[in-house]
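**Student:** Build me a model from this:
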Amino acid sequence: MKPICCGDRRDAELLLAAGSDGLTIEDINPVWLKTPAAPIVGSLIEKTNIHIENMLAAFHALQNRVEHVIVEGAGGWMVPILSDYLISDLAAEMKLPVLVVTQNRLGCLNHTALTVRSVADYNLHCLAVVLNGVPVPGDIAALTNADVLERILNVPLLVGLGENLMELPVDWRLMLDSARDLSVLT
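**Tutor:** Residues are numbered from 1 along each chain as shown. Sure, this is the predicted structure:
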């Protein structure tokens, strides 16, 4: 599920294609703003209201129809949906474990540590951190980020998930199995 898309709807379309039969794009993505910006900006430009209760209702409806619901955020953990409501607030209301995805580049350490700490502040379980991107030779930050993140975070670090993968790496399967064991993922 992708409760809110801003810009194109490609992520939601991919989720729909990968998901259960019988679902519609509206089931997977109840709020679509065509403006490629934060939800709060898109709603202002498009002169539309975002109704949090509609996203939550769609989430609960999916929970009743399928075995597992994986929810993709929009833009980052602290992105505003409304002036007083962030993506993190939506995650907290859904009570799901969180998988933090970060780009392997300069600034990754700060961004990732702040996000993981904020997930804990919301009393949510951070399953792991996914480090995206292959380091370029000579990029000291990208070459050292994985080692430093493993030292400073108390959550698993997952790397090595690329395109055209035929089977999930073992560490990814273990992380998904641990999510199944959490009572919040039903």
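**Student:** Can I take it that residue 40 is in a strand?
**Tutor:** No - Residue 40: not assigned to a strand; according to DSSP: H, G, I helix; E, B strand; the rest coil it is helix.
**Student:** To what extent is it buried, counted in neighbours?
**Tutor:** The burial count assigned to residue 40 is 18, neighbours taken as other Cβ atoms under 10 Å. The C-beta positions use only the backbone N, C-alpha and C, and glycine is treated the same way.
**Student:** Relative to residue 41, how far out is the residue in the chain sticking out farthest from the centre?
**Tutor:** Going by Cα atoms, centre = their mean, the residue of the chain most distant from its centre is residue 138, 29.6 Å out. Separation of residue 138 from residue 41 (Cβ to Cβ, to the nearest Å) stands at 36 Å.
**Student:** Now do the buried residues in the host helix or strand of residue 11.
**Tutor:** When secondary structure is defined by DSSP states H and E, residue 11 falls within helix 10-18. Of the residues in helix 10-18, those buried by neighbour count under the rule 16 or more other Cβ atoms under 10 Å are 12, 15, 16.
**Student:** and it, how far from the chain's centre?
**Tutor:** 14 Å (Cα atoms, centre = their mean, to the nearest Å).
**Student:** now for it, which elements pack on it?
**Tutor:** The helices and strands touching helix 10-18, judged by 3 or more Cβ pairs under 8 Å, 6 or more residues apart in numbering; DSSP states H and E, are helix 25-28.
**Student:** Now with 10 Å, please.
**Tutor:** For helix 10-18, the contact count by 3 or more Cβ pairs under 10 Å, 6 or more residues apart in numbering; DSSP states H and E identifies strand 4-6, helix 25-28 as packing neighbours.
**Student:** where exactly do the helices run in the chain?
**Tutor:** When secondary structure is read from DSSP state H, the chain shows helices at 10-18, 25-28, 39-45, 52-65, 87-94, 108-121, 140-152, 170-181.
**Student:** got the angle for the fifth one vs helix 52-65?
**Tutor:** This means helix 87-94. Orientation of helix 87-94 against helix 52-65 (axes from the mean of the first three to the mean of the last three Cα atoms, to 10 degrees) gives an angle of 50 degrees.
**Student:** Show me what the mean pLDDT comes to for helix 87-94.
**Tutor:** For helix 87-94, mean pLDDT rounds to 97.
**Student:** again, but for the first one
**Tutor:** Computed over helix 10-18, the mean pLDDT rounds to 93.
**Student:** Report the backbone C-alpha coordinates of it in CSV.
**Tutor:** Included here for helix 10-18 are C-alpha records, laid out as CSV according to Å, rounded to 0.1, in the frame of the first residue of the first chain:
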residue,chain,number,x,y,z
ARG,A,10,4.3,4.7,-10.6
ASP,A,11,5.1,3.3,-7.1
ALA,A,12,1.5,2.5,-6.4
GLU,A,13,1.2,0.9,-9.8
LEU,A,14,4.2,-1.3,-9.1
LEU,A,15,2.7,-2.2,-5.7
LEU,A,16,-0.6,-3.1,-7.3
ALA,A,17,1.1,-5.3,-9.8
ALA,A,18,3.1,-7.1,-7.0
